[in-house]
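S.K.: coords please:
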Amino acid sequence: MRERLISNGKLVVDLIDGQPAAMLPTAPRKTTAADVRRFISTVARAAMTLQPLESQGEANRRAHICATCPLNVPIEGCEVCKSALRKVSEYIGDRKVDDCNLLQGCGVCGCELRLAVWVNLRAQQEAMDLPTNALFPNHCWKKR
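M.R.: As a prediction, the model looks like this:
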């Protein structure tokens, strides 16, 4: 059975037998205050783990997946949200990944990919609700 979902009016998802078949961003994703709060909470939760930041190799692997994903889209938002994300970026310091210039934002969860590739995976997965998790493509490193 084929059906089409639209998430937040920004993401078109074709489902075949309940599994995502194709996802195409319909426009840049607007980051909401809820997205920013969730991401800050996730980074704070990751900071309390034994491995708050991923290794260079793991971050590069994730960045390559995101850089080639059709859901790597421009992220728009108000200046307050952008300022909060800049503040969170201080957490990773001057770390860079190989595909850094190709990373934008995730069309599914709205995260800033240049930051997310470094953050502990478990903390990110625990912050994601099941309906959002279902929207990640099968190749996504965030998908549970």
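S.K.: helices or strands up against the host helix or strand of residue 59?
M.R.: When secondary structure is defined using DSSP states H and E, the element that contains residue 59 is helix 56-67. In terms of contact count using 3 or more C-beta pairs under 8 Å, 6 or more residues apart in numbering; DSSP states H and E, helix 56-67 is assigned the packing partners helix 113-116. The way it works is simple: take the backbone N, C-alpha and C, and place the C-beta from them, glycine included.
S.K.: buried sites along whichever helix or strand comes after the helix it packs on?
M.R.: Read in the C-terminal direction, the helix or strand following helix 113-116 is helix 121-127, with elements assigned using DSSP H and E. Residues 121, 123-124, 127 are the ones in helix 121-127 that count as buried (16 or more other C-beta atoms under 10 Å).
S.K.: now those as a markdown table including pLDDT and distance to residue 40?
M.R.: Formatted as a markdown table, the buried residues of helix 121-127 follow (pLDDT from 0 to 100; distance: C-beta to C-beta, whole Å):
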| residue | pLDDT | distance to residue 40 |
| --- | --- | --- |
| 121 | 90 | 17 |
| 123 | 87 | 12 |
| 124 | 88 | 12 |
| 127 | 86 | 10 |
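S.K.: What I need now is these written out in a markdown table, including distance to residue 143 for each item.
M.R.: Converted to a markdown table, the buried residues of helix 121-127 look like this (distance: C-beta to C-beta, whole Å):
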| residue | distance to residue 143 |
| --- | --- |
| 121 | 10 |
| 123 | 15 |
| 124 | 11 |
| 127 | 14 |
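S.K.: between these, which is closest to residue 52?
M.R.: Of all the buried residues of helix 121-127, the one sitting nearest residue 52 is residue 123; the distance, using C-beta to C-beta, is 8.2 Å.
S.K.: Distance check, the closest one against residue 136.
M.R.: Using C-beta to C-beta, to the nearest Å, residue 123 is found at 16 Å from residue 136.
S.K.: List the buried residues for the helix holding residue 59?
M.R.: Burial within helix 56-67, assessed by neighbour count using 16+ other C-beta under 10 Å, is assigned to 58-67.
S.K.: ok, now stretch 132-140?
M.R.: Of the residues in stretch 132-140, those buried under the neighbour-count criterion (16+ other C-beta under 10 Å) are 132, 134-137, 140.
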